[in-house]
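> Need a 3D model of the following:
(2 chains)
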Amino acid sequence: MTADTSLSSCARAATAAEARFRIDAPVESRNARVVALDEPAAEVLRSVAAHEWAGARFFVCEPGPAGAGAGGEFLLRSIDGTPAVLSSELDGAHVVVMVATQDSGAGCAYAIGKACWERAVMTAGLVLGDGSQTAAVAALRPHARVLLPTADESDLLELLTALRV
Amino acid sequence: MLRPEINELLTQTGPKTPMGELFRQYWMPACLAEELPEDGCPPIRLKLLSERLVAFRDSYGNYGLIDEFCAHRGVSLWFGRNEEGGLRCPYHGWKYDTTGQCLDVPSEADNSSFAENVKLTSYPLVKIGDLLWTYMGDPATQPPLPEWEFALVPPEQTYTSKRWQQSNWLQAFEGGIDSSHVTFLHSGGLKTDPLFKGAKGNEYNLNDTKPFFEVADSEGGLFVGARRNAEDGKYYWRITPWVMPNFTMVPPRGDHPIHGHFWVPIDDENCWTYSFDYHPVRPLSAVERQAMIDGHGVHSENIPGTYRPVANMDNDYLMDREAQKSGAYYSGIKGIAIQDSSLQESMGPIVDRTKERLVPADSGIIKARQKLRKAALALRDQGITPPGVDPAHHHVRSAAVVLPQAEAFLDAARDDVRVKPGMPVASV
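Residues are numbered from 1 along each chain as shown, chains lettered A, B, ... in the order given. Predicted coordinates for the structure are as follows:
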């Protein structure tokens, strides 16, 4: 005797009526660290940080000696100017989004990308501008699993919203 | 994740909706030319963008796409008699030409002008390539005819099929710009499908399951680059173009024909998936064409006389758990097209995007939704013509290339993603 499987068939399961029974469990937000690699990018972050976020923290990475702290720690500063240590900030982070507008952030991108790689933290990169920031794109490419060169500053807001951070 | 109101905005394409108005800016595939094979042939029912229509080819060879229902008593003109330059309702004999103009109302006096005042809604229907195209927007803003390469190459170089997909257009389309699923869902097909197998690029695909992505704006939409490791420190790039709102191409493999899709809303819970294959420089071989007819590659095996796939939700897509277990079909479903449609239909007619958990690898989808929303609102609020309407935006190709690590994919492959008539595609 063949079992009657009609109650679980794809045709029945794919209806709008059945879609109403999808379990409505809350979806947890993710922890993101959003890092500006230059000052104009920091301005964009300040604007985006003003929105309400569940799991996003915003930082600025300054290239050159400012990035390297005592004891070899790589230093950031939060969007309000508070110093922060990269390795500490990566604890518990699910994704790091690097944002650049200029070609000067290669050192920061390398350090952040390397630290994320060692900790298996997902990376993404936005290069904001008119398309002429080729060095910035090249610098981010090895370290960002996803890279968006874009002229649209709202892409950052859209990305973070879509990622539920 | 999308807010419910944004999900509704993007998925509703009926008249007077923002996305419906967006779609009505473009020439869209209405049906295959084979559906109206000869002058005076039977009419066909069509529903497009939630409007019920009938398409016919009159006795003089003119194509028409008009309101399905007779203006008199609302009879479906699918029952119409296609005779002497018009479609005649069999109920009381009212007759319409391909523009929807009523030509004859037999019950009226012989010299009556009544028929002149009766006109059904109609849209232009134009044959280009294997398709009949329509434009359902304001006639005053009708754009030039489309210039997609697959539709313009000689007939022997191209093949187009279609299948009914029982889901909203957006979740179907999103599969077309989601390169990361190929390594999993279609892994069996990369090894065995006659229209995919044998390409060097397949090895890169299968050997590197964690591609990097780069999403770049184009004039008509986006280019989504998926980067995998190749030899000698080089990268293998698969470049997928999306032209707004619903045209995508699949990056090529070896010398196989190049393929892509149009995802056309029927209503908000169904869409037509048009799948094309073409080769820019040579005729399709008999073996290739037969493979397409048989439902290989991006095509589907349909129930004879219909455009519904043989494997569909009513038969659980002919799920084969043994093939799933062995890896012959990663999901247990045979055929690349049905592998996609089965999963997309399983989401429900309109997937609830408030529940999804997107990851950075979904950035192409995130960006596409953003561009669609912005374009729909810019059209509604400011009357701005959206990207993809200009036929110059249609001159794109997908590409698969191996590049040095330092090279930006769009800089290095800019010529490769533009149509060069008579020139081969960039493929690995």
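> Could you grab the helix/strand/coil label for the closest residue to B:Ile384 other than its chain neighbours?
Nearest in space to B:Ile384, with sequence neighbours left out and distances taken as Cβ to Cβ, 6 or more residues apart in numbering or on different chains, is B:Ala378 at 4.1 Å. From N, CA and C alone the C-beta is placed, and that goes for glycine too. With DSSP: H, G, I helix; E, B strand; the rest coil as the basis, B:Ala378 sits in helix.
> Contact partners for B:Gln324?
In this structure, B:Gln324 makes contact with B:Tyr330, B:Ser331, B:Gly332, judged by Cβ atoms under 8 Å, 6 or more residues apart in numbering or on different chains.
> What is the three-state secondary structure of it?
Following three-state DSSP, the label given to B:Gln324 is helix.
> Against chain A, how distant is it?
15 Å (Cβ to the nearest Cβ, to the nearest Å).
> and the residue of chain A nearest chain B?
The minimum distance from chain A to chain B, using Cβ to the nearest Cβ, falls at A:Ala19 (3.7 Å).
> Check the contact between that residue and B:Ser346; I expect there is one.
No - at 10.4 Å, A:Ala19 does not count as touching B:Ser346 under the criterion of Cβ atoms under 8 Å.
> Just give the closest residue to the residue of chain A closest to chain B, not the sequence neighbours.
With Cβ to Cβ, 6+ apart as the measure, B:Gly348 is the residue that lies nearest to A:Ala19, at 3.7 Å, once sequence neighbours are left out.
> thought the one you found was touching A:Glu18?
Yes - the pair B:Gly348 / A:Glu18 is scored as a contact, 7.3 Å apart, by Cβ under 8 Å.
> between these two, which one's more packed in?
Regarding B:Gly348 and A:Glu18, a neighbour count based on other Cβ atoms under 10 Å in any protein chain shown identifies B:Gly348 as having more, with 22 against 13.
> quick revisit: name the helix or strand for the residue nearest to A:Ala19, please.
Under the assignment given by DSSP states H and E, B:Gly348 is not contained in any helix or strand.
> which residues touch it?
Residues in contact with B:Gly348 (Cβ under 8 Å, 6+ apart) are A:Ala14, A:Thr15, A:Ala16, A:Glu18, A:Ala19, A:Arg22, B:Ser167.
> So it versus B:Asn312, what's the distance?
Counting by Cβ to Cβ, to the nearest Å, the gap from B:Gly348 to B:Asn312 is 16 Å.
> what does A:Ala100 give?
In this structure, A:Ala100 and B:Asn312 are 48 Å apart, going by Cβ to Cβ.
> Which of the two has more residues huddled nearby?
Neighbours of A:Ala100 and B:Asn312, each counted by other Cβ under 10 Å, are more numerous for A:Ala100; the result is 30 against 23.
> Which strand residues bridge that one?
A:Val127 (DSSP bridges).
> shouldn't it be in contact with A:Arg141?
No - in terms of Cβ under 8 Å, A:Ala100 does not count as a neighbour of A:Arg141; the distance is 11.4 Å.
> Centre of the chain to stretch B:183-191, how far?
How far stretch B:183-191 lies from its chain's middle: 22 Å, per Cα atoms, centre = their mean, to the nearest Å.
> Contacts for that stretch, please.
Surrounding stretch B:183-191, the residues in contact under the criterion Cβ under 8 Å, 6+ apart are B:182, B:196-197, B:202, B:205-206, B:208-209, B:211, B:323, B:327-331, B:335-336, B:339-340, B:343.
> Please check those residues and keep the buried ones.
By neighbour count, with 16 or more other Cβ atoms under 10 Å in any protein chain shown, the contacts of stretch B:183-191 hold B:182, B:196, B:202, B:205, B:208, B:211, B:323, B:328-331, B:335-336, B:339-340, B:343 as buried.
> out of those residues, who's nearest chain A?
Sorting these by distance to chain A puts B:Pro211 at the head of the list, at 8.4 Å, by Cβ to the nearest Cβ.
> Report the secondary structure state of the closest residue to that closest one other than its chain neighbours.
What sits nearest to B:Pro211 in space, not counting adjacent residues and going by Cβ to Cβ, 6+ apart, is B:Ala226, at 4.5 Å. For B:Ala226, the secondary-structure state derived from three-state DSSP is strand.
> How much space separates B:Ala226 from B:Pro386?
Distance of B:Ala226 to B:Pro386, computed by Cβ to Cβ: 26 Å.
> Pull the distance from the helix or strand hosting B:Gly189 to the chain's centre.
Secondary structure assigned from DSSP H and E places B:Gly189 in helix B:187-192. Its chain's average C-alpha position is 23 Å from that of helix B:187-192, according to Cα atoms, centre = their mean.
> What are the buried residues along it?
B:Ser187, B:Gly188, B:Gly189, B:Leu190.
> same deal with stretch B:103-112?
Within stretch B:103-112, the residues that count as buried by 16+ other Cβ under 10 Å are B:Leu103, B:Asp104, B:Val105.
> Just the ones of those in strands?
Counting by DSSP state E, the part of the buried residues of stretch B:103-112 found in strands is B:Leu103, B:Asp104.
> can you redo the buried residues of stretch B:103-112 as JSON lines with distance to B:Glu51?
As requested, the buried residues of stretch B:103-112 are exported to JSON lines (distance: Cβ to Cβ, whole Å):
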{"residue": "B:Leu103", "distance to B:Glu51": "23"}
{"residue": "B:Asp104", "distance to B:Glu51": "25"}
{"residue": "B:Val105", "distance to B:Glu51": "24"}
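> Tell me the one among the buried residues of stretch B:103-112 nearest to B:Thr134.
Among those, B:Leu103 lies closest to B:Thr134 (Cβ to Cβ), at 21.5 Å.
> pull the CA atoms of stretch A:140-147 into CSV?
Output of stretch A:140-147 as CSV, limited to C-alpha atoms (Å, rounded to 0.1, in the frame of the first residue of the first chain):
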residue,chain,number,x,y,z
LEU,A,140,40.4,46.0,-0.2
ARG,A,141,40.0,43.3,-2.7
PRO,A,142,42.1,40.6,-1.0
HIS,A,143,40.6,41.3,2.4
ALA,A,144,36.9,41.8,1.7
ARG,A,145,34.9,38.7,0.7
VAL,A,146,32.4,41.1,-0.8
LEU,A,147,33.3,44.4,-2.3
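> This completes my enquiry, with thanks.
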